[in-house]
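In: A structural model of the following input is requested.
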Amino acid sequence: MARKRKKPAPRGDIINHSPADLYVPPDDPEVQKKLDWFQDQKLGFMVHWGPYAQLGVVESWTLSDGDADWARNGVDWAQGGEQIRERYFALNKTFNPLRFHPEDWAQFATQAGFKYLVFTTKHHDGFCMYDTKESDYRVTAPDCPFHTHPYANIAKHLFDAFRARGMGIIPYFSKPDWHCPWYWAQGQEHPIAYNRNPTYDPAQKPGLWDEFVRFTHAQMMELVTTLGPVEGLWLDGGQVRPDNGQDLRMAEFAEKARKAVPGLLIADRTVGGRYENYITPEQTVPETALSVPWESCVVIGGGFSFSYGATYKTPRELVHLLMRVVSRGGNLALNLGGQPDGRLPPQGVASALGMGEWLMHNGEAVYKTRACAPFEAVVAGDIPCVLTQVAADNAVYAILLLAEGQALPACITLDIGRVFASVRVLHPQADAVFVNGDGGIHITLPDDIAGTNPLALALKLTF
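Out: Below is the predicted model of the structure:
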């Protein structure tokens, strides 16, 4: 008997991801292999960027009357939904990010320690950041001033630059398209409801829905065949789902897409089932380790899209966030919204580079690791400690997450339930004196480390 699927949590909810107990493991060996690759990467660079950056608004959401209560705070550039949509949809005619240099983005991402890119090729507003053949609402169209720029096909140039540095590519793609005449369709017999869903009932107008499915499949196939090679697709818009009357025929798409790209990962987020190959908590970290592949998407500062005057997380906060995610078995997709001029916000860049400097010395405790029970511990001085492991190397990593100004004690005790043969500090590299005893392993830190306040201290314990 098929289990009844739980509804996705609404945007803004603290969970906002599919339940792990309903995860369906893929049976395709190529997809399984790609999932292993994905879980090795640990840190992805997510970017929300489009014409909406010019206004500093919350991506596409101001367009939806049904989301007005939270998405239109601070909107002072239009009155009411109709005027908002008119002015928003015209932002393509002023989008001209002349300071966009894809190689600069890729160099930054490399230095910050990112291993793959998740980029918004199309958000819910329908504007395509690549040269789609299916829509004129795109960055390469004649009515967008950026279309004459050598980097006008933004996603392609970004993907090429990141791929050249060995990073994986996972395009973000919105299934709902609020600019598409086959989703927000006109000419209905009743007042049009501009919310997250179609302006019509697909069951009542199957021909219109079939046109939308054809259009959406064609765009997704463009992403995997003309902008490739790609590792996966990050599909947003969980309302587009069969049990909500919006069957996108994902089985049909997955079959043809994986013929073109064997092992293609599909994250049909919040939908569950066979085509949500990993689940994606939004703006949160699960309280406990999850036994299924997952990736938290969290902003470095502000919102997912660029916002003026945003406050950004510090390097310390980013390192601690990353280690909480990794110690619980997940990946972290850190988001930084692109500026209207084509650059990345300098405050967010600086914080991420601080994280990258830490990763340069301590990355072996992060990349290619897996969760390690008991996952967390507390050492003397109430310093939180998280654990990761590389089982093949007979190694456990203990990472102490120090608060700002908190000094490392000279001695610490870790109760991990194992007897260890060696203890090494990853940075600055040094062996530590230790004793396996009652209550765990007692470690004396080197003199030049005790009393300092690193972002986090990583220890490698072998057994």
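In: now the helices for the protein?
Out: Shown for the chain, the helices assigned by DSSP state H span residues 29-41, 68-71, 80-89, 102-112, 154-164, 206-225, 250-260, 315-327, 346-362.
In: to Asn16, which of those helices lies closest?
Out: Closest to Asn16 of the helices of the chain, according to C-beta to C-beta: helix 68-71, at 13.7 Å. Where C-beta positions appear, they are placed from N, C-alpha and C, glycine not excepted.
In: buried stuff in that closest one?
Out: Neighbour-count burial for helix 68-71 flags Ala68, Ala71 (criterion: 16 or more other C-beta atoms under 10 Å).
In: likewise for stretch 266-284?
Out: 266-272, 274-283.
In: start and end of that stretch, how far apart?
Out: Stretch 266-284 has an end-to-end distance of 21 Å (C-alpha to C-alpha, to the nearest Å).
In: picking that back up, let's have the helices of the chain in CSV, adding mean pLDDT and distance to Arg138.
Out: Output for the helices of the chain, formatted as CSV (pLDDT from 0 to 100; distance: least, C-beta to C-beta, whole Å):
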stretch, mean pLDDT, distance to Arg138
helix 29-41, 98, 29
helix 68-71, 95, 24
helix 80-89, 97, 13
helix 102-112, 98, 17
helix 154-164, 98, 10
helix 206-225, 98, 10
helix 250-260, 98, 21
helix 315-327, 98, 33
helix 346-362, 98, 27
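In: winner for burial among those?
Out: Among the helices of the chain, helix 315-327 has the highest mean neighbour count (mean count of other C-beta atoms under 10 Å), at a mean of 23.
In: how distant is it from the center of its chain?
Out: Centre-to-centre, helix 315-327 and its host chain are 14 Å apart (C-alpha atoms, centre = their mean, to the nearest Å).
In: report the angle between that helix and helix 346-362.
Out: Angle of helix 315-327 versus helix 346-362, following axes from the mean of the first three to the mean of the last three C-alpha atoms, to 10 degrees, is 60 degrees.
In: which residues touch helix 315-327?
Out: Residues outside helix 315-327 that contact it (C-beta atoms under 8 Å, 6 or more residues apart in numbering) are 42-43, 285, 289, 296, 298, 300, 313, 331-332, 334, 351-355, 357-358, 366, 369, 371-372, 375-376, 386-388, 399, 401, 404, 455-456.
In: among those, which ones are in strands?
Out: Residues of those located in strands (DSSP state E): 43, 296, 298, 331-332, 334, 371-372, 375-376, 386-388, 399.
In: neighbour-wise, which of those residues leads?
Out: Of the ones in strands among the contacts of helix 315-327, Leu334 is surrounded by the most neighbours, 28 neighbours in total, counting by other C-beta atoms under 10 Å.
In: surely that residue and His48 touch.
Out: No: contact criterion C-beta atoms under 8 Å: Leu334 and His48 do not qualify, at 11.8 Å.
In: could you list the paired strands of the lowest-mean-pLDDT helix or strand in the chain along with their orientation?
Out: Lowest by mean pLDDT, DSSP states H and E among the helices and strands of the chain is strand 370-379, with a mean of 88. Note on strand 370-379: by DSSP bridges, its sheet partners are strand 383-390 (antiparallel).
In: can I get the strand it pairs with in PDB, CA atoms only?
Out: Taking C-alpha atoms only, strand 383-390 is exported to PDB below (Å, rounded to 0.1, in the frame of the first residue of the first chain):
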ATOM      1  CA  ILE A 383      32.800  24.800  23.800                       C
ATOM      2  CA  PRO A 384      30.500  23.000  21.400                       C
ATOM      3  CA  CYS A 385      32.300  20.200  19.500                       C
ATOM      4  CA  VAL A 386      31.000  18.500  16.300                       C
ATOM      5  CA  LEU A 387      32.300  15.300  14.700                       C
ATOM      6  CA  THR A 388      32.900  14.100  11.200                       C
ATOM      7  CA  GLN A 389      34.600  10.900   9.900                       C
ATOM      8  CA  VAL A 390      36.300   9.300   7.000                       C
END
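In: and that strand, how far from the chain's centre?
Out: Worked out by C-alpha atoms, centre = their mean, strand 383-390 lies 23 Å from the chain centre.
In: one more: stretch 183-192?
Out: 33 Å.
In: so which bits of it are buried?
Out: Tyr183, Trp184, Ala185.
In: same list, these, but as JSON lines with distance to Ala203 and pLDDT please.
Out: JSON lines is the format used below for the buried residues of stretch 183-192 (distance: C-beta to C-beta, whole Å; pLDDT from 0 to 100):
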{"residue": "Tyr183", "distance to Ala203": "15", "pLDDT": "98"}
{"residue": "Trp184", "distance to Ala203": "17", "pLDDT": "97"}
{"residue": "Ala185", "distance to Ala203": "14", "pLDDT": "95"}
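In: out of these, who's nearest Ile412?
Out: Of all the buried residues of stretch 183-192, Ile412 sits closest to Tyr183, with 56.6 Å by C-beta to C-beta.
In: just curious, which of the ones in strands among the contacts of helix 315-327 is nearest to Trp105?
Out: Nearest to Trp105 among these, with distances taken as C-beta to C-beta, is Leu334, at 13.6 Å.
In: distance of the closest residue to Val319 other than its chain neighbours from Thr444?
Out: Of all residues not flanking Val319 in the chain, Leu455 sits nearest, at 4.7 Å (C-beta to C-beta, 6 or more residues apart in numbering). For Leu455, the distance to Thr444 equals 22 Å [C-beta to C-beta, to the nearest Å].
In: quick one: which of these two has more around it?
Out: Shown here are Leu455 and Thr444; by other C-beta under 10 Å, Leu455 has more neighbours (20 against 15).
In: ok, the more buried one - contacts?
Out: Listed by C-beta under 8 Å, 6+ apart, the contact partners of Leu455 are Pro315, Arg316, Val319, His320, Gly354, Met355, Trp358, Leu402.
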